[in-house]
Every structure is written in structure tokens, then in C-alpha cells.
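Asks: Would you be able to build a 3D model of this:
(one chain, ligands or ions: 1)
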Amino acid sequence: MRQSLVVGNWKMNGSIQSNQSLLEALKAGMSTVKNSEVAVCPPFIYLQQVSEILKDTAIGWGGQTLSEQDSGAFTGEVSANMLLDFHSKYVIVGHSERRSLYAESDQLVAEKFAKAQAAGLIPILCVGELLEQREAGETENVVKRQLDAVVNSQGIAALSNSVIAYEPVWAIGTGKTASPAQAQDVHAFIRQQIAAQDVNVAEKVQILYGGSVKANNAAELFAMQDIDGGLIGGASLQAEDFLTICQAG
Ligand code: PGA
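Replies: Numbering: from 1, shown residues only. Predicted coordinates:
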């Protein structure tokens, strides 16, 4: 039985004040979350605040991306070790917004994945197809290509210390959720791809669903056999909604 995991991706949202109330409310509500691990990924600049408020709680935290470099003249970048300085546990890599808005290639995503893992962070590798790719019947090819970029360079065993998030791009921030059956199909496909190389890794790896997960649809998604929790954008900014989603895990 895989442990369920629910991760809030705050994206570029928050303020010192709003973070404080959100985190205090999450802390207070955690006793109602029985089955799920929980983490939040704030903008880098708030990691210090998040780490102070969440220390000694069951809620973990991490970055939304990281540099593929260790240190040096890379203006604006943040390294794996910097994330570790603030006791991050996770880091999201290859989110579709990074791929599309900041031109991150499969190759770069694989380098970031490797850098995160080498430092001891748990990468949350995002994969998912665009609407036109789904309509063209390309979903499995796209997801396989994104997965293979990491597996071919890092080896299948690397996935056992990682989390995968299936996030159909057409469902992110659009209010359009994949149906539980649509999501399950792709999750099962991902697990089969991994199982073809290593059954144990396939059984172990958590595969989260992301894309307009809300308080009112989380339970039916998370009930599917190969869905092990969620990566939550918009709904992770509201404590009550996020806690309801965590309870569904
Ligand atoms: P959303 O975002 O829940 O707002 O659709 C999910 C994500 O991008 O991780």
C-alpha cells in the first residue's frame, strides 16, 4: 500500500501575512488529516518563513524548481543546497509552466532531477500532455518521452526516491479536471512503463494527479488504484479547501 501524498504548489502567490494565516490554519487542521503526508511548495523567498512556522509539524515543504548548477554566476537561480539550507524535503521539477513559459526541455528537466536527487531532495517530476496532444491521441507518447528523459539518464532505480505527478496541461488552472477514469488510465500507463523495467520501483513510486483538484473532486480521484495523492495549485491557497483535499488522500 503506497502512502498518499498531497503537495500544495503555491506558484507565484502569497505574502508574509497571508502565508502566516494559511500555515497556521493548516497546522491547526492537521489533526483531521489521517492518511496523507502533506507538503507545501512556496516561492523561494518564503522558505525561511515556512520552515520556521512548520518546524516540528508533520507538514513538509520544498521548492517549485531548482537550478541544474551547483553555484556560481547564474543570476536569479537557486541551487539544491540552498533549498536544503531551509530543510526542504521536496522540489518540483518539470512543471508544465516551467516547460512552456521558461522553455525547460526534457533534457534540462532530467538534469534538474539528477541535481535534486544527488543533494538528497525528493524530486516531484511533472509530466503531462497538451490539449492538442490529447486530441491527437499522443498522450501516452508524450508522457513516455518525458519519463524516458529521466529514466534513460538516471536509471530506473532513481525513480524509487522520487515522486511523479501526472498533470494534463489542459487541466491546470482551467477548472477542467481529468475524469477519475482518464487520470487512472494515464497513471496505470506510467506505472506499467516503470514496471517493464523494474516491478518493485513501479509498486513503490507515488504517482500524484494534478490539474484542478478541488475539495469536491479530490476523493473520487484519489480513490483510483494508481492515484496516490495530488499536486494542488489554486486550491492549496485556501486552508479549508486544502485540508479537505488532504483528508481525501
Ligand atoms: P491547479 O494547478 O490545481 O491550479 O490546476 C495544479 C498544478 O499546476 O500543479
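Asks: Please count neighbours and contacts with C-alpha atoms only from this point.
Replies: Noted.
Asks: Run the chain-centre distance for the helix or strand of the chain with the lowest mean pLDDT.
Replies: One helix or strand of the chain scores below all others by mean pLDDT, DSSP states H and E: helix 131-135, with a mean of 95. Helix 131-135 sits 22 Å away from the centroid of its parent chain (C-alpha atoms, centre = their mean, to the nearest Å).
Asks: buried sites along it?
Replies: With burial defined by 16 or more other C-alpha atoms under 10 Å, the residues of helix 131-135 counted as buried are 133-134.
Asks: On the C-terminal side of that helix, identify the next helix or strand.
Replies: Next along the chain after helix 131-135, taking DSSP states H and E as the criterion, comes helix 139-154.
Asks: how about that following helix as CSV, C-alpha atoms only?
Replies: What follows is helix 139-154, C-alpha atoms only, in CSV (Å, rounded to 0.1, in the frame of the first residue of the first chain):
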residue,chain,number,x,y,z
THR,A,139,-0.9,11.4,-24.5
GLU,A,140,1.0,8.2,-23.9
ASN,A,141,3.8,9.1,-26.3
VAL,A,142,4.3,12.5,-24.6
VAL,A,143,4.2,11.1,-21.1
LYS,A,144,6.6,8.3,-22.0
ARG,A,145,9.0,10.7,-23.7
GLN,A,146,9.1,13.0,-20.6
LEU,A,147,9.6,10.0,-18.3
ASP,A,148,12.2,8.4,-20.5
ALA,A,149,14.3,11.6,-20.5
VAL,A,150,14.8,11.0,-16.8
VAL,A,151,15.0,7.2,-16.8
ASN,A,152,17.4,6.9,-19.6
SER,A,153,19.9,9.3,-18.0
GLN,A,154,19.4,8.4,-14.3
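Asks: Could you point out the helix or strand that follows it?
Replies: Per DSSP H and E, the first helix or strand lying C-terminal to helix 139-154 is strand 163-166.
Asks: Tell me which other helices or strands that next one touches.
Replies: Using 3 or more C-alpha pairs under 8 Å, 6 or more residues apart in numbering; DSSP states H and E, the elements in contact with strand 163-166 are strand 122-127, helix 180-195, strand 206-210.
Asks: Just name the most buried of those.
Replies: Mean neighbour count (mean count of other C-alpha atoms under 10 Å) peaks for strand 206-210 among those, with a mean of 29.
Asks: for it, packing partners?
Replies: Strand 206-210 sits against strand 4-9, strand 163-166, strand 229-232, with contacts defined as 3+ C-alpha pairs under 8 Å, 6+ apart.
Asks: Which positions in this protein make contact with the ligand?
Replies: Residues of the chain lying near the ligand by C-alpha under 6 Å from any ligand atom: 9, 171-173, 210-213, 231-234.
Asks: give me the element residue 98 is part of.
Replies: Using DSSP H and E, residue 98 maps to helix 96-101.
Asks: which parts of that helix are buried?
Replies: Quick answer for helix 96-101 (16+ other C-alpha under 10 Å): 96, 99.
Asks: Using PDB, write down the CA coordinates of it.
Replies: Taking Å, rounded to 0.1, in the frame of the first residue of the first chain, the C-alpha atoms of helix 96-101 are listed here in PDB:
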ATOM      1  CA  SER A  96       4.400  22.400 -17.300                       C
ATOM      2  CA  GLU A  97       4.600  26.200 -16.600                       C
ATOM      3  CA  ARG A  98       8.400  25.800 -16.400                       C
ATOM      4  CA  ARG A  99       8.400  23.700 -19.600                       C
ATOM      5  CA  SER A 100       6.200  26.100 -21.500                       C
ATOM      6  CA  LEU A 101       6.900  29.600 -20.100                       C
END
